[in-house]
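In: using only what follows, build the 3D model:
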Amino acid sequence: MTESSSPYISAARVTVLRVHPGNPPFRIVEVDGEVAGRATSMTDVLFVAAAAGVTVHDLDDPEAVRWVGGGKYTWRPH
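Out: A predicted model of the protein is given here:
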């Protein structure tokens, strides 16, 4: 397959990693591959992204946010 015929898959600028135990449990948020902060809720993800200069309009958009180790409703360790 040549480059011109391969589908374009964009990487999300924001990645939310798995839940880490803590009081409260938290998830590391990366923006453009760099650690930008930690989040304890969906709202925190938006704040961390905004502080890093990225506006997220839709947490369900896989081109905007990539959820690793659980979706946007996963905030407790398994």
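
In: contacting residues for Arg38?
Out: Residues in contact with Arg38 (C-beta atoms under 8 Å, 6 or more residues apart in numbering) are 26-29, 44, 48. From N, CA and C alone the C-beta is placed, and that goes for glycine too.

In: I misspoke; the intended subject was Ala64.
Out: Ala64 makes contact with 12-14, 56-58 under the criterion C-beta under 8 Å, 6+ apart.

In: who wins on neighbours among these?
Out: Neighbour counts for those (other C-beta atoms under 10 Å) peak at Val14, which has 22 neighbours.

In: bridging residues for that one?
Out: Assessed by DSSP bridges, Val14 has beta-bridge partners Val31, Val65.

In: please tell me how far it sits from Asp61.
Out: 10 Å (C-beta to C-beta, to the nearest Å).

In: thinking again about what came up before, of the contacts of Ala64, which is the nearest to Arg66?
Out: Ala12 (4.0 Å; C-beta to C-beta).

In: nearest residue to that closest one other than its sequence neighbours?
Out: Arg66 (4.0 Å; C-beta to C-beta, 6 or more residues apart in numbering).

In: how deep is that neighbour tucked in, by neighbour count?
Out: Residues near Arg66, counting by other C-beta under 10 Å: 14.

In: mind listing what it touches?
Out: 11-12, 14-16.

In: I'd like those residues as CSV, with pLDDT appended.
Out: What follows is those, written out as CSV (pLDDT from 0 to 100):
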residue, pLDDT
Ala11, 85
Ala12, 94
Val14, 98
Thr15, 98
Val16, 98
